[in-house]
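Asker: Provided below for reference: sequence and predicted model.
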Amino acid sequence: MNRRKFISTTSAALAAGAVLPGIALGANPDDRLMRHRFGLNYVPSKNWAFSWNDWKPGDIARDFDSIAAIGADHIRMTLIWPWFQPNPIIVSPAHLDRLEELMRLANERKLDVLVTLYTGWLSGYAFKPPYLEAADFYSDPKWKPVRDLLLLEVSKRLKPHPNFLGFDLGNEINCCWKGSPTAAGDAWMDDVFKQMHDQAPDRIHVNGVDHGPFFRVDTFSPEALVAQQDIVALHCWPQWTGAKKYGSYMDTPSIQLQSAMAALARSYGNAPAKPVWVQEFGLSPNPDVADFPKWLELVVTSGIAGGVSWFTWWKSHDVERQFQFSSEQYTRGLITVENKIKEQGFMFKRLADAYRGKAVNIPKKSPPPPPARRTDETTWQWMLDWMEWKANNLPTRK
């Protein structure tokens, strides 16, 4: 199907209220986690995350039309904590109203929504609530009533919405607040998860940390991250994990990164069949990658072979250049700021249509024991051995 026909056909289906294929939230939890899903981390095409404060639902609706058109069945949506809770004892009614409107707009397009709560950290910027910034985030009791209030008020608003997928504790919360020793982070995570399951049972709650805790000693233990999540959320970035040190982005260390990190998490958890969600992955257009859609295809199909359940690309839309970001942030979207679908967006659509809803096949062979010491070097050696790859020992894949 050519792109013009694809867009017109999909737009007509959306206008007619057609149901895009996905996994029903009411399905058996085990079945939900063992069927492939495809989604996007939602970054608005207009005003980035500042759109929470300059609310234009028409812009959000147009973005969601494009997201649904490329086959996504869910989005991951980041709240900005100090905007939603500007004072320790107040949660903003206006922002809660906007969140509910976003949920309705998403539901009209058959999009489930995972809500990141204590954010925190986003695209290189830290949004720390100023009123308790000096406190130790994971162990100081002054944080607890503040944190509990936000969870309570947001849960009240989200629970009635059928497309509320669940909570993420925050966006890479360990990048915003570091914790040592990891026992404090693990206890904090356990407490928050218990409250989330109490407030919003039968939803899927995760802790979307960056790769750090699986590569080195960092805030949370990998054992607790695997044990406390029904599906383990992983952020698999070739450049941030250091895959480029071991070959080009078209070589095995980058292409098989998702499968290797899934095996690593299962090894730490002694849980060879644990469901895995690659909650963030992506790559800025790079000279090493002449065919970006092909890179996306290779990465996803490798993840599927490694038994990854869900795939959520970072990010839905490019970022307007009126805002100051590091250069790689502007062009990571599958959709432009004008809501035009890129070539890699069409590849995402083909992959989503081919695999969405199909059963996940987790490799029968259990991964080896995890590294005895957790450092970037020992972790990469473990993964390279798992991949059966020696750095630069094979020609670059064309």
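Answerer: In hand now; what should we look at?
Asker: and the residue nearest the centre of this protein?
Answerer: With distances taken as CA atoms, centre = their mean, residue 279 lies nearest the centre of the chain, 2.8 Å away.
Asker: contacts only, for that one.
Answerer: If you count contacts by CB atoms under 8 Å, 6 or more residues apart in numbering, residue 279 has them with 41, 76, 168, 206, 208, 233, 234, 235, 310, 312. C-betas here are computed from N, CA, C, even on glycine.
Asker: which among these count as buried?
Answerer: Neighbour counting with 16 or more other CB atoms under 10 Å marks 41, 76, 168, 206, 208, 233, 234, 235, 310, 312 as buried within the contacts of residue 279.
Asker: next, the distance between the ends of stretch 168-176.
Answerer: 15 Å (CA to CA, to the nearest Å).
Asker: okay, and for the stretch 201-350 of the chain, where does confidence drop off?
Answerer: Applying pLDDT under 70 to the stretch 201-350 of the chain flags no residue at all.
Asker: all strands for it, in order.
Answerer: With DSSP state E, counting those that start in this stretch, the ranges of strands along the stretch 201-350 of the chain come out as 206-208, 232-236, 276-281, 310-313.
Asker: of all those strands, which one is nearest residue 343?
Answerer: Of all those, strand 310-313 sits nearest to residue 343, with 13.8 Å by CB to CB.
Asker: so what secondary structure elements neighbour that closest one?
Answerer: Packing partners of strand 310-313 (3 or more CB pairs under 8 Å, 6 or more residues apart in numbering; DSSP states H and E): strand 37-41, strand 276-281.
Asker: okay, those in CSV with distance to residue 85 next?
Answerer: Shown next, in CSV, are the helices and strands packed on strand 310-313 (distance: least, CB to CB, whole Å):
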stretch, distance to residue 85
strand 37-41, 22
strand 276-281, 24
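Asker: residue 66 is nearest to which of these?
Answerer: strand 37-41 (9.7 Å).
Asker: quick one, that closest one and strand 276-281 angle?
Answerer: 30 degrees (axes from the mean of the first three to the mean of the last three CA atoms, to 10 degrees).
Asker: what's the following helix or strand after strand 37-41?
Answerer: Tracing the chain C-terminally past strand 37-41 and defining elements by DSSP states H and E, one meets helix 57-69 next.
Asker: for that following helix, list every residue counted as buried.
Answerer: 59, 60, 61, 62, 63, 64, 65, 66, 67, 68, 69.
Asker: cool, and stretch 156-167?
Answerer: So stretch 156-167, judged by 16+ other CB under 10 Å, has buried residues 157, 158, 161, 163, 164, 165, 166, 167.
Asker: circling back: which one of the contacts of residue 279 is nearest to residue 366?
Answerer: For the contacts of residue 279, the nearest to residue 366 is residue 234 (18.2 Å; CB to CB).
Asker: is it true that the closest one touches residue 260?
Answerer: No - Residue 234 is beyond contact range of residue 260, at 10.3 Å (criterion: CB atoms under 8 Å).
Asker: ok, what's across the strand from the closest residue in space to the residue nearest to the centre of the chain that isn't next to it in sequence?
Answerer: Leaving aside its sequence neighbours, residue 279 sits nearest to residue 233 (CB to CB, 6 or more residues apart in numbering; 4.2 Å). When bridges are called by DSSP bridges, residue 233 pairs up with residue 277.
Asker: now residue 233: how far from residue 304?
Answerer: 17 Å (CB to CB, to the nearest Å).
Asker: next: residue 241.
Answerer: Counting by CB to CB, the gap from residue 241 to residue 304 is 20 Å.
Asker: returning to what we had before: just put the buried ones among the contacts of residue 279 in a markdown table and tack on distance to residue 344.
Answerer: Formatted as a markdown table, these follow (distance: CB to CB, whole Å):
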| residue | distance to residue 344 |
| --- | --- |
| 41 | 15 |
| 76 | 18 |
| 168 | 24 |
| 206 | 25 |
| 208 | 22 |
| 233 | 22 |
| 234 | 21 |
| 235 | 19 |
| 310 | 18 |
| 312 | 15 |
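Asker: and which of the residues you listed is nearest to residue 147?
Answerer: Nearest to residue 147 among the buried ones among the contacts of residue 279, with distances taken as CB to CB, is residue 168, at 14.3 Å.
Asker: contacts only, for the nearest residue to residue 228 once chain neighbours are set aside.
Answerer: Sequence neighbours aside, residue 193 is the residue nearest to residue 228 in space, at 5.5 Å (criterion: CB to CB, 6+ apart). By CB under 8 Å, 6+ apart, the residues touching residue 193 are 169, 205, 207, 228, 229.
Asker: got the contact list for the third one?
Answerer: Going back to what we said before, that points to residue 207. Here residue 207 is in contact with 168, 169, 170, 173, 189, 193, 220, 225, 228, 229, 233 (CB under 8 Å, 6+ apart).
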